[in-house]
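**Q** build me a model:
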Amino acid sequence: MIIPNEEKNIVLIGFMGVGKTTIGLHLAKKLLRDFVDVDQEIEKQHQMPISQIFKTLGEQRFRQMEKDYIVQLCDSSRLKVVSLGGGAFMQDEIRSACLSSSIVIFLDLAWDSWKDRIHLLMDNRPVLQEKSLEEIQELYHSRLQAYSLNHSRVCTDGLKPEEIADRIIDTLKSEYEINVPIHE
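**A** Below is the predicted model:
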């Protein structure tokens, strides 16, 4: 079944802390769509924060929960703005499901810009725990190859979340010929 572009979910990908949730909320409001933060939904379903899931059930179990949720979301829902966790797109099944059913937008933030945010992220990102800056940089660069598999890339350096949302909307209009019902 071919899904018209206007009905596809818009999936935001990128490294943790690039602003997928904040930008996604702005974008969803402007497009009059529901917003789904996958990590928040998993936390609701399992009634514990991601950090606790990592501690009690392990990363492998979390990645399975993430895959099950995202693949089901891609198969069953439309017209949403979806924010994926930073590591979700590393899984082949998630990448395949998103790329085949949604418009995937990579929010690209340069390493030096991301590094300026690290103090805001360390406490609530289990993947960063007990890692040196060099190890985090290696993780950042190792994920870029998966993130490069997208429908569109938006550079976010130096931009406010609302400006990034507007750039995404411009992309949707020009590259995907989507008639965007904008709500300011």
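
**Q** hey, which helix or strand in this protein has the poorest pLDDT?
**A** helix 118-121 (a mean of 69; mean pLDDT, DSSP states H and E).

**Q** state the next helix or strand along the chain beyond that one.
**A** Scanning forward in sequence from helix 118-121 by DSSP states H and E, the next helix or strand is helix 133-147.

**Q** flag every buried residue along that following helix.
**A** By 16 or more other Cβ atoms under 10 Å, the buried positions in helix 133-147 come out as Ile136, Leu139, Tyr140, Arg143, Ala146, Tyr147. C-beta: built from backbone N, CA, C; applies to glycine.

**Q** and the first one, how close does it get to Pro49?
**A** Separation of Ile136 from Pro49 (Cβ to Cβ, to the nearest Å) stands at 20 Å.

**Q** and Ile136, how far is that from Ala88?
**A** Ile136 is 18 Å from Ala88, by Cβ to Cβ.

**Q** give me the contacts around the longest strand anywhere in the chain.
**A** For the chain, the strand that runs over the most residues, judged by DSSP state E, is strand 102-108. Here strand 102-108 makes contact (Cβ atoms under 8 Å, 6 or more residues apart in numbering) with 5, 8-14, 18-20, 23, 74, 82, 98, 147-156, 164, 168, 171-172, 176.
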